[in-house]
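# Below: sequence and its predicted model.
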Amino acid sequence: MDDNRVPKSTFELVLGGGSLLVQVGRELNTETERRLAPLGLTVQQAALLLHAARGDVTPSLLKSRLGTDTAGMTRLLDRLEAKGLLRRARHPEDRRSIVIELTDEGRALVPGLPPIFGKISHQVFAGFSPQEIAQVTDMLRRILRNLADEPDA
């Protein structure tokens with residue numbers, strides 16, 4: 001077998017119907033949603049609030065960070081605006097675009113979000129050494145880069 005080829009059983013384990021990556025992603029999302037539920041937020045909504053708290057954020061910048069498209073971003077903003085957590089405002093230098101501004105209620109939620117994400121990270125990596133965490137992080141980044149690359153013709 002060529003050194004660059006991965007055995008079929010490994011592909012089935014990682015990318016098959018019962019994919020470990022899919023299972024981990026689903027469980028991680030479920031646990032995060034469960035912990036954010038008392039705040040009335042979804043994972044994407046919490047992530048948007050965290051990004052918006054850093055300032056001068058446009059929907060176009062956020063959509064790729066949040067893994068959504070233009071329509072999804074619009075729905076996400078509509079929901080958070082309806083909850084009174086943010087508002088859309090004209091961009092100060094480009095009146096054709098908008099920026100996202102947190103309301104006082106939105107800003108009040110932000111300090112409680114990093115501890116929730118932090119506790120989940122600690123749960124996920126319990127028993128991992130710092131070197132193993134670095135390895136997993138590196139591998140996941142490589143997977144993302146591989147997926148972003150143009151597939152071979």
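Cool, the structure landed. Numbering: from 1, shown residues only.

# got a list of what the most centrally placed residue in the chain touches?
Among the residues of the chain, the one closest to the centroid is Leu66, at 5.1 Å (CA atoms, centre = their mean). Residues near Leu66 by CB atoms under 8 Å, 6 or more residues apart in numbering: Gln44, Ala47, Leu48, His51, Gly72, Met73, Leu76. In this view, the C-beta of every residue, glycine as well, is placed from N, C-alpha and C.

# Does the first one lie in a helix or a strand, and which?
It refers to Gln44. For Gln44, the host element (DSSP states H and E) is helix 43-53.

# For that helix, which helices and strands make contact with it?
The criterion is 3 or more CB pairs under 8 Å, 6 or more residues apart in numbering; DSSP states H and E, and the helices and strands that helix 43-53 contacts are helix 20-36, helix 59-65, helix 70-82, strand 86-90, strand 98-102, helix 104-109, helix 113-124.

# Deepest in the core, which of those is it.
When neighbours are counted by mean count of other CB atoms under 10 Å, the highest per-stretch mean among these falls to strand 98-102, a mean of 19.

# partners of Ala89 in the sheet?
With DSSP bridges as the criterion, Ala89 is bridged to Val99.

# Return the distance of it relative to Ile143.
Shown here: Ala89 relative to Ile143, a distance of 37 Å by CB to CB, to the nearest Å.

# Just name the closest of the contacts of Leu66 to Gln131, please.
Ala47 (27.7 Å; CB to CB).

# Excluding sequence neighbours, find me the nearest residue to the closest one.
For Ala47, the nearest residue in space outside its immediate sequence neighbours is Leu66; the separation is 5.7 Å by CB to CB, 6 or more residues apart in numbering.

# Kindly provide the distance from the one you found to Pro38.
Distance from Leu66 to Pro38, by CB to CB: 21 Å.

# again with Asp78
When CB to CB is the yardstick, Asp78 and Pro38 sit 22 Å from each other.

# One more: Leu85?
With distances taken as CB to CB, Leu85 is found 15 Å from Pro38.

# Please say which of those two ends up with more neighbours.
Shown here are Leu85 and Pro38; by other CB atoms under 10 Å, Leu85 has more neighbours (23 against 9).
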